[in-house]
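# Just to be clear, the model below is a prediction. Sequence and coordinates:
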Amino acid sequence: PTCNKEFPDDQKFCKYDGTPLVEKKAEAEAGKKCPKCGRTYPTEAVFCMTCGAKLVALDEKNVCASCGAELPKGAAFCMKCGAKAGESGERVEEKISTRDLSEIDENHLEKYDLPTLCWARYKCRNDKDNVFLKKLNEFIKFDDVLAEEEQTQDSILQLHLAVCYDEGIGRDEDKYQAFYWFKKSAEQGNANAQLQLASRYNGGIGCEEDMYQAFYWSKKSAEQGNAVAQYSLALCYYNGIGCEEDENQAFYWFKKSADQGLATAQYFLAVCYRNGRGCEEDKYQAFYWCKKSAEQGNADAQCLLAAFYNDGTGCDRDDYQAFYWYKKSAEQGNATAQLKLAFCYNDGTGCEENENQAFYWFKKSAEQGNADAQCVLAAYYNDGTGCEEDENQAFYWFKKSAEQGNATAQFNLAFCYYNGTGCEKVENQAFYW
């Protein structure tokens, strides 16, 4: 009755929110519609069972069936949401959002309405070297967008105004105004604005930090199919941020997002399958989704995939593939992968032995704070393996690692203090370590 999902006859409770299930009845002919969530109801219904909004009649010619806004007599389209008068048609922003940007003639931008151009700008906003983006920035005037928004209350125009304030385009940067316009757009149902609003609440940008509101708006956006929002919502459930921790819901939303191709969601889905979080353990599914993510360039997934090949988890053991993926991940800066790659070079696993390369990657990992790498790097300096012998550097890295709790490093640091190797002889420190 709350989320409208269907279940087998023998199930008693909704697996999503725990609500007792009710028998599905034949739907009466719709006579009213909720102006907020769009659900239809019989004529005698007064309020929406989902969001509590007062229902509007579908047959009232002066009411928009999509958003409930009053229309002038004879109006063909709703000025608020773009739906055809008297019909529950697709909203303008939904039509625009499915448009391929390659269809837009960048040499004749004057042919397109402002919502279309604003949507195009939003889609390519992160590619700062994009020539098309530069043309859009020059063509779209802030005051024109503001003036049209006052007339139409269009959610895409509101989203554009938010981005302008957020990035300082046509106006001075103003995170509070950006928040205001993201919220205006989000409240009209714009999924991208809802995601942006969630991120503002999450980081306290232009507003006070509020993890419950961050969760709320992530869920709103996720339910409309936004892959990034689905991933964000999954993380909320996974870590209990703004909600109770729920591994089943985390798994559900990770999979929703992963199915849409989001690499980070695919990686976390692999972790869920590997550890049996929110699902049954399945090493083959873990390997499948990890590989999907790794092939898209996700460094964490590449490191995990290498470990799968190294151990034969969900696949045949393959030292060469393990080396290949450790290297891919290490080159992107993953400290664990750098450590593992160094060991590959040290032992000749999946590659030829190479002490210089081993030293190089141990140092890379150590500089990022990996305690195990720091300990091995110290040993390399101590023995002159892949580098010139340097007792001072050996002491330095043993100390770095020891302070993070590495027992081997603590033992070696104690000997440094005891013998005065790379440092002054200090018996009290030797005893301590």
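Now that the structure is in, tell me what you want to look at.

# Which helix or strand contains residue 243?
Of the helices and strands defined by DSSP states H and E, none includes residue 243.

# what about it, distance to residue 135?
Distance of residue 243 to residue 135, computed by CB to CB, to the nearest Å: 43 Å. Bear in mind the C-beta positions are built from the backbone N, C-alpha and C, glycine included.

# quick one, which of the two is more surrounded?
Remark: of residue 243 and residue 135, residue 243 carries more neighbours, 18 against 15, as counted by other CB atoms under 10 Å.

# and the residue nearest to that one when sequence neighbours are not counted, what is it in contact with?
Distances taken as CB to CB, 6 or more residues apart in numbering place residue 215 nearest to residue 243, at 5.1 Å, with adjacent residues excluded. When contacts are counted by CB atoms under 8 Å, 6 or more residues apart in numbering, residue 215 touches 198, 233, 236, 241-243.

# Can you pick out the most distant pair from these?
Greatest spatial distance among these (CB to CB): 198 and 243, at 12.5 Å.

# and the gap between the residue nearest to residue 243 and residue 347?
Residue 215 is 46 Å from residue 347, by CB to CB.

# do residue 385 as well
13 Å.

# same check, this time on residue 6
On the measure of CB to CB, residue 6 and residue 347 end up 55 Å apart.

# Looking at the two, which is more packed in?
Per other CB under 10 Å, whichever of residue 6 and residue 347 has more neighbours is residue 347, with 12 against 7.

# so what's the more buried one closest to, chain neighbours aside?
residue 353 (7.1 Å).

# Check residue 136 too.
In space, residue 136 is closest to residue 121, 4.4 Å off (CB to CB, 6+ apart).

# Next up, the contacts around the one you found.
133, 136-137, 140, 160, 163.

# In which helix or strand does it reside?
Here residue 121 is assigned to helix 114-123, by DSSP H and E.

# following that helix, which helix or strand comes up?
Beyond helix 114-123 toward the C-terminal end (DSSP H and E), the next one is helix 131-139.

# Can you give me the buried ones in that next one?
132-133, 136 (16 or more other CB atoms under 10 Å).

# can I get those in a markdown table with pLDDT and distance to residue 374?
Below are these laid out as a markdown table (pLDDT from 0 to 100; distance: CB to CB, whole Å):
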| residue | pLDDT | distance to residue 374 |
| --- | --- | --- |
| 132 | 75 | 47 |
| 133 | 74 | 44 |
| 136 | 75 | 49 |
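
# Those into a markdown table, with extra columns for distance to residue 390?
Below are the buried residues of helix 131-139 laid out as a markdown table (distance: CB to CB, whole Å):
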| residue | distance to residue 390 |
| --- | --- |
| 132 | 53 |
| 133 | 50 |
| 136 | 56 |
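
# from the residues you listed, which is closest to residue 377?
Taking CB to CB as the measure, residue 377 lies nearest residue 133 of the buried residues of helix 131-139, at 44.1 Å.

# That closest one contacts residue 123, correct?
No. Applying CB atoms under 8 Å as the test, residue 133 and residue 123 come out as separate, 9.4 Å apart.

# picking up where we left off before, how close does the residue nearest to residue 347 get to residue 117?
Residue 353 is 59 Å from residue 117, by CB to CB.

# related to what we said a few turns ago, and what about the residue nearest to residue 347, helix, strand or coil?
Secondary structure, DSSP: H, G, I helix; E, B strand; the rest coil: residue 353 is coil.

# and it, how many neighbours?
So residue 353, with other CB under 10 Å, has 12 neighbours.

# quick one: contacts for it?
345-347.

# Show the pLDDT at it.
Here the pLDDT value assigned to residue 353 is 96.

# Equivalent analysis for residue 333, please.
In this model, residue 333 carries a pLDDT of 96.

# Same question for residue 319.
At residue 319, pLDDT is 96.

# Could you pull up phi and psi at the closest residue to it other than its chain neighbours?
Leaving aside its chain neighbours, residue 319 sits nearest to residue 350 (3.8 Å; criterion: CB to CB, 6+ apart). Main-chain torsions, residue 350, degrees, to the nearest 10: phi 80, psi 10.

# i'd like the first residue to be 36 from this point on
Right, with 36 as the first residue, what we last looked at is residue 385.

# ranges for the strands of this protein?
Ranges of strands within the chain are 67-68, 75-76, 91-92, based on DSSP state E.

# circling back to that earlier point, among the contacts of residue 250, which one lies nearest to residue 455?
residue 276 (50.0 Å).

# Please name the residues that touch that closest one.
Residue 276 neighbours (CB under 8 Å, 6+ apart): 246, 249-250, 270.

# Please identify which of these is nearest to residue 435.
Nearest to residue 435, judged by CB to CB, of these is residue 270 at 31.2 Å.

# what's the burial count for that closest one?
With other CB under 10 Å as criterion, residue 270 counts 18.

# same check, this time on residue 408
Other residues close to residue 408 by other CB under 10 Å number 28.

# Please tell me how far the residue lying closest to it once chain neighbours are set aside sits from residue 338.
Nearest residue to residue 408 in three dimensions, chain neighbours excluded: residue 400, at 3.5 Å (CB to CB, 6+ apart). Per CB to CB, residue 400 is found 11 Å from residue 338.

# Now for those two: what residues contact both?
Common neighbours of residue 400 and residue 338 (CB under 8 Å, 6+ apart) are residue 371.

# Distance to residue 426 added to the contacts of residue 388, as a markdown table?
Converted to a markdown table, the contacts of residue 388 look like this (distance: CB to CB, whole Å):
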| residue | distance to residue 426 |
| --- | --- |
| 380 | 24 |
| 381 | 21 |
| 382 | 25 |
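
# between the residues you listed, which is nearest residue 395?
residue 380 (8.2 Å).

# show me what contacts residue 410?
Taking CB under 8 Å, 6+ apart, we find residue 410 in contact with 432-433, 436, 441, 443-444, 447.

# ok, residues contacting stretch 158-174?
136, 139, 141, 144-145, 152, 155-156, 198, 202, 204.

# Kindly indicate which of these lies nearest residue 455.
For the contacts of stretch 158-174, the nearest to residue 455 is residue 202 (57.4 Å; CB to CB).

# my guess is residue 194 meets residue 228, correct?
Yes. Contact criterion CB under 8 Å: residue 194 and residue 228 qualify, at 4.9 Å.
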